[in-house]
Each structure stands twice: as structure tokens, then as C-alpha cells.
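Asker: Let me see the structure of the following:
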Amino acid sequence: MLCLKVDRVYLSTPALLALIDHEKKRTFVIRKIGFPDAVVWNPWDKKSKAMVDFGDDEYVRMVSIEAAAVEKPITLKPGEEWTGCQELEVVSSSYFSGQMDPVNLKGRS
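Answerer: Below you'll find the predicted structure:
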């Protein structure tokens with residue numbers, strides 16, 4: 001659970017990110033391609049009340065981690081193409097299980 005609003009930009013982040021849920025012993029693995037940065041945010045109470053798909057107290061259990069290009073935005077000229085993607089995976093694990101060990105993750109990217 002969160003105890004305050006979160007709205008942060010992280011520059012030059014790794015291609016593989018992880019959000020570890022110790023309580024439920026699961027890890028959310030975020031794989032990003034074509035995006036150098038990441039944004040972590042939560043709407044908190046005021047913004048969440050304006051979101052029709054949020055219950056009154058759900059904002060404390062919600063966090064969004066998004067692939068981003070903040071420091072150097074991607075600008076395309078007519079006819080140019082760019083590809084980027086973000087893949088999400090939930091794995092049964094915990095930080096202490098070794099499954100999120102960076103050495104083990106390198107083989108998955």
C-alpha cells in the first residue's frame with residue numbers, strides 16, 4: 001500500500017524493471033523496448049475520485065510504471081517510423097527467492 005502520492009520520472013532506466021509485491025509473493029516484470037526512461041505514478045485521492053473505474057479507496061493500492069521517453073522525446077519527421085513496446089509479466093516470486101536476481105533476469109531480456 002502507498003502512503004503518499006507518487007509522480008516521478010526516472011531517466012536512463014534498464015530495459016527490465018521489477019515491482020516486487022512481498023505480501024502476495026509475486027513480482028511484476030516490466031520489459032521496455034525503445035524507451036530509455038520510466039515514469040512511476042499514482043493518481044492519489046483527488047484525481048482518483050474523478051476516475052470512474054476507481055473505488056473510493058483503491059488509489060492506495062495502485063501504482064503505474066510506464067515506459068517513457070522524457071529526457072529525449074521521440075520526434076518523427078513525415079515518413080519516419082519508430083517502434084517501442086512495453087511488456088508486462090507477473091511471476092510468482094519474492095525478492096528473497098533469487099528469481100529477481102539481476103543475473104537470472106539478464107537471460108530473460
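
Asker: What are the neighbouring residues in contact with residue 62?
Answerer: The contact partners of residue 62, by C-beta atoms under 8 Å, 6 or more residues apart in numbering, come to 2, 42-43, 48, 54. Every C-beta, even on glycine, is put in place using the N, C-alpha and C of the backbone.

Asker: for those residues, which one is nearest residue 92?
Answerer: Closest approach to residue 92 among these (C-beta to C-beta): residue 2, at 22.7 Å.

Asker: Please tell me how far residue 45 sits from residue 5.
Answerer: 8 Å (C-beta to C-beta, to the nearest Å).

Asker: Which ones among the contacts of residue 62 map onto helices?
Answerer: Using DSSP state H, the members of the contacts of residue 62 that fall within helices are residue 48.

Asker: out of the contacts of residue 62, which are buried?
Answerer: For the contacts of residue 62, a burial check counting by 16 or more other C-beta atoms under 10 Å picks out 42-43, 48.

Asker: pLDDT and distance to residue 9 added to those residues, as a markdown table?
Answerer: Formatted as a markdown table, these follow (pLDDT from 0 to 100; distance: C-beta to C-beta, whole Å):
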| residue | pLDDT | distance to residue 9 |
| --- | --- | --- |
| 42 | 85 | 14 |
| 43 | 81 | 16 |
| 48 | 75 | 20 |
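
Asker: Just name the closest of these to residue 86, please.
Answerer: Nearest to residue 86, judged by C-beta to C-beta, of these is residue 42 at 17.8 Å.

Asker: so how far is residue 65 from that closest one?
Answerer: From residue 42 to residue 65 the distance is 10 Å (C-beta to C-beta).
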